[in-house]
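A.B. asks: Next input, structure requested:
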Amino acid sequence: MHYFVEALTHKSFTHKEKDKHLSNERLEFLGDAIIDAAVAEYVFFKFPEEPEGYLTKVKSKLVNRKTLSELGAVLGIESILLYDDSRPINLDSLQGNAFEAIIGAVYLDGGYQKAKSCLLDSVFPRFLDINQVLEEEIDFKSKLMIWGQRSKILVEFNVLDSKQAAGEAVHVMEVRINGNAYGRGKASSKKAAEQLAAKETLVLIGEIE
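C.D. replies: Residues are numbered from 1 along each chain as shown. Down below sits the predicted model:
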């Protein structure tokens, strides 16, 4: 039980109260490593055909500061976190760090499999839409180009239209694979239009759903 009390104790509280509670910094360190390993394993098996660089990019999107802080917030960690609220503190950061510390506490209490199950079978399915995170964050153009290189297939991006409409730029991009037209994308920037065209192409060739 003391592991979980420690996981929810920020160092500002220990300094303020001068009590016997240790801060959660060490458990945060441990939890960070456990989360990293569990998510790395998850990504490894979810994307069996992807190269190391792609796996690294996906993993970083799932375990970055922003995602962990959002998980801490949706779990309501603030309501049970022990910290000194008399001075300015980045609460989002505290909650993300405490979430890592909690996973570290679960590991010490029940082992790696328990911690991994807590994260991947309970927390992520209930509070994190992994597919949405990947859809929002993954560079579809890079994924498509990697697919082309791996398959030895020529992938090109062509500008179909680029103009000003109602005071705003409009760009239409098209993907061509071995000279054949595939996905199209329309957006206010060429980069965004390329991403949309690449995403549609990946759906058409069955690389994503």
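A.B. asks: Tell me how far the biggest helix by length in the chain lies from the chain's centre.
C.D. replies: Secondary structure of the chain per DSSP state H: the longest helix is helix 25-46. Here helix 25-46 shows a centroid-to-chain-centroid distance of 12 Å under the convention CA atoms, centre = their mean, to the nearest Å.
A.B. asks: For Ala105, give its distance to Ala166.
C.D. replies: In this structure, Ala105 and Ala166 are 55 Å apart, going by CB to CB, to the nearest Å. Glycine gets a C-beta too; all of them are placed from N, C-alpha and C.
A.B. asks: Give me the more crowded residue out of those two.
C.D. replies: Counting neighbours by other CB atoms under 10 Å for Ala105 and for Ala166 shows that Ala105 has the greater number, 23 against 5.
A.B. asks: Which strands or helices does the helix or strand harbouring the more buried one pack on?
C.D. replies: Secondary structure assignment for Ala105, by DSSP states H and E: helix 91-110. Using 3 or more CB pairs under 8 Å, 6 or more residues apart in numbering; DSSP states H and E, the elements in contact with helix 91-110 are helix 2-7, helix 25-46, helix 65-74, helix 112-117.
A.B. asks: and that helix, which residues are buried?
C.D. replies: Within helix 91-110, the residues that qualify as buried are 91-92, 94-108, counting by 16 or more other CB atoms under 10 Å.
A.B. asks: from the chain's centre, how far out does whichever helix or strand comes after the longest helix of the chain sit?
C.D. replies: Using DSSP H and E, the next helix or strand after helix 25-46 towards the C-terminus is helix 52-62. Taking CA atoms, centre = their mean, one finds helix 52-62 lying 9 Å from the centre of the chain it belongs to.
A.B. asks: quick check: angle from helix 52-62 to helix 65-74?
C.D. replies: Here helix 52-62 runs at an angle of 30 degrees relative to helix 65-74 (axes from the mean of the first three to the mean of the last three CA atoms, to 10 degrees).
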